[in-house]
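S.K.: All I have is the shape, not the residue letters:
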């Protein structure tokens with residue numbers, strides 16, 4: 001199954017857009033989590049500084065490690081080096097998705113060194129993003145615990161119900177909370193970048209389940225983290241969870257909030273079965289917002305996220321990349337996970353394209369995501385954007401801008417195209 005996970009990873013998570021999306025984990029998860037223990041303004045400033053410093057540690061002289069601890073800021077260099085030596089920055093979550101965590105899997109072990117290196121190279125952008133996230137989080141948390149004694153006090157109070165957290169905080173002779181900044185930073189990385197690997201997998205996510213739950217563990221970890229903060233970590237935890245939800249909703253739209261896409265589907269089915277009415281919840285909501293505000297842009301932003309209101313080419317659709325609206329599968333085959341899409345849906349979609357002589361789009365369906373996106377934008381430039389239901393042109397080639405092609409070429413969906421696809425699904 002490790003070999004299959006490697007194939008899935010290469011096909012889906014090697015696009016530039018995926019790498020960029022992975023970098024959002026710090027502002028979307030680490031920053032809100034840290035606001036439980038310090039002022040949000042100070043937290044944001046600490047992470048902005050740490051992220052810039054982590055980027056400065058990037059090097060191409062260190063092989064696939066990509067970052068050098070010797071380039072860390074002087075005031076945290078020793079701590080970063082120690083954490084580096086302990087393997088704290090190893091992108092184990094990415095390696096798990098790639099199927100090479102702990103080199104599991106007979107077939108993968110039997111690959112040549114060149115084959116294993118090829119898998120790592122394909123995932124280099126993704127592993128770089130995860131290392132960047134972990135290093136930036138470590139530096140920010142280390143400094144905050146070292147320089148602000150109140151962080152330890154707040155941590156001890158907020159985490160009073162967390163047995164593991166209580167092991168890293170102590171009380172000095174004056175009754176003040178104290179903790180090792182490095183241990184606090186390590187705890188924060190585990191809390192916000194999550195543990196992965198075979199040892200930490202739930203039973204359902206083992207063996208064949210690794211294929212079913214591949215690429216879904218981050219969503220479930222996020223949900224667990226928000227529930228834990230809301231129920232066990234007091235008012236600060238609830239505020240941090242609300243901040244996480246707010247950021248997700250802001251970027252991915254109302255249907256990107258956890259489970260909302262499933263609820264939308266359920267309501268539409270109920271209306272059809274009980275009321276004998278075909279309705280589209282998204283269209284109904286957009287109409288209400290437009291009637292109240294006279295702004296189609298606002299309606300689009302509420303539905304698909306704030307980026308949809310930006311001028312082209314920045315009006316990219318992030319709802320499917322950032323959102324967690326579809327917790328449950330929307331069709332029986334989706335129960336099999338991403339392998340169902342790779343081995344069934346994509347070949348069928350390719351055949352449909354070949355049947356109408358869209359050879360480039362057919363090849364795009366069969367190719368790894370990054371290569372497929374490049375082929376798709378080339379097809380747009382020649383034949384325009386075509387309907388997926390009727391193959392009729394919906395955006396003629398002369399209307400496909402260079403910005404739209406660049407956005408699609410790196411893996412994002414332009415907002416204009418997203419609107420058309422949403423209309424087709426209505």
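M.R.: Noted; the coordinates are in hand. Because the structure is a prediction, the values reported are computed rather than measured.

S.K.: Next, residue 389: phi, psi?
M.R.: Here is the backbone geometry of residue 389 (degrees, to the nearest 10): phi -100, psi -30.

S.K.: Tell me the pLDDT of the nearest residue in space to it that is not next to it in sequence.
M.R.: Excluding the flanking residues, the one nearest residue 389 by CB to CB, 6 or more residues apart in numbering is residue 424, at 5.5 Å. To be clear about C-beta, it is placed using only N, CA and C from the backbone, and glycine gets the same treatment. Residue 424 is assigned 78 on the pLDDT scale.

S.K.: cool, and residue 109?
M.R.: pLDDT for residue 109: 50.

S.K.: Look up phi and psi at the residue nearest to residue 389.
M.R.: Dihedral angles for residue 424 - degrees, to the nearest 10 - are phi -70, psi -30.

S.K.: what's the spacing between it and residue 378?
M.R.: Applying CB to CB, to the nearest Å, the value for residue 424 to residue 378 is 22 Å.

S.K.: Can you pull the poorly scored residue ranges out of the stretch 301-426 of the chain?
M.R.: Scanning the stretch 301-426 of the chain for pLDDT under 70 picks out 426.

S.K.: How are the strands of the stretch 201-350 of the chain distributed by residue range?
M.R.: Along the stretch 201-350 of the chain, the stretches classed as strands by DSSP state E, counting those that start in this stretch are 316-317.

S.K.: and residue 178, helix, strand or coil?
M.R.: Of the three states, residue 178 takes strand according to DSSP: H, G, I helix; E, B strand; the rest coil.

S.K.: re earlier: who has more neighbours, residue 424 and residue 378?
M.R.: In this view residue 424 and residue 378 are compared by other CB atoms under 10 Å, and residue 378 has more residues nearby, 16 against 12.

S.K.: quick one, what contacts the more buried one?
M.R.: Residues counted as contacts of residue 378 (CB atoms under 8 Å, 6 or more residues apart in numbering) are residue 360.

S.K.: Which parts of the stretch 201-350 of the chain are helices?
M.R.: 209-212, 217-232, 234-252, 260-274, 281-293, 296-304, 319-322, 338-340, 346-355 (DSSP state H, counting those that start in this stretch).

S.K.: buried set for the third one?
M.R.: Within helix 234-252, the residues that count as buried by 16 or more other CB atoms under 10 Å are 234, 236-237, 239-241, 243-245, 247-249, 251-252.

S.K.: and which of those is nearest to residue 337?
M.R.: If you rank the buried residues of helix 234-252 by distance to residue 337 using CB to CB, residue 252 comes first, at 21.3 Å.

S.K.: I'd assumed residue 316 was in contact with the closest one.
M.R.: No. At 11.6 Å, residue 252 does not count as touching residue 316 under the criterion of CB atoms under 8 Å.

S.K.: Please give the number of neighbouring residues around residue 399.
M.R.: There are 13 residues near residue 399, going by other CB under 10 Å.

S.K.: pLDDT of stretch 42-54, averaged?
M.R.: 98.

S.K.: can you pull the buried residues of that stretch?
M.R.: Buried positions in stretch 42-54, judged by neighbour count with 16+ other CB under 10 Å: 43, 46, 47, 50, 51, 53, 54.

S.K.: what do you get for stretch 348-363?
M.R.: Result for stretch 348-363 [16+ other CB under 10 Å]: buried residues 349, 350, 353, 358, 360, 361, 362, 363.

S.K.: hmm, who's touching stretch 175-187?
M.R.: Stretch 175-187 has contacts (CB under 8 Å, 6+ apart) with 79, 82-83, 88, 137-139, 141-143, 145-146, 149, 151-153, 155-156, 164-165, 168-172.

S.K.: Are any of those buried, and if so which?
M.R.: Looks like the contacts of stretch 175-187 have 79, 83, 88, 137-139, 141-143, 145-146, 151-153, 155-156, 165, 168-169 buried, using 16+ other CB under 10 Å.

S.K.: nearest residue to residue 170 other than its sequence neighbours?
M.R.: residue 178 (5.5 Å).

S.K.: what about that neighbour, neighbour count?
M.R.: The number of residues packed near residue 178 is 14, by other CB under 10 Å.

S.K.: pLDDT score assigned to it?
M.R.: Looking at residue 178, its pLDDT reads 94.

S.K.: can I assume residue 407 is in contact with residue 414?
M.R.: Yes. Contact criterion CB under 8 Å: residue 407 and residue 414 qualify, at 4.9 Å.

S.K.: Tell me the residues that contact both of these two, please.
M.R.: Common neighbours of residue 407 and residue 414 (CB under 8 Å, 6+ apart) are 313, 316.

S.K.: Quick check: the residue lying closest to residue 282 once chain neighbours are set aside vs residue 236, distance?
M.R.: Leaving aside its sequence neighbours, residue 282 sits nearest to residue 303 (CB to CB, 6+ apart; 5.6 Å). Computed with CB to CB, the distance linking residue 303 and residue 236 is 31 Å.
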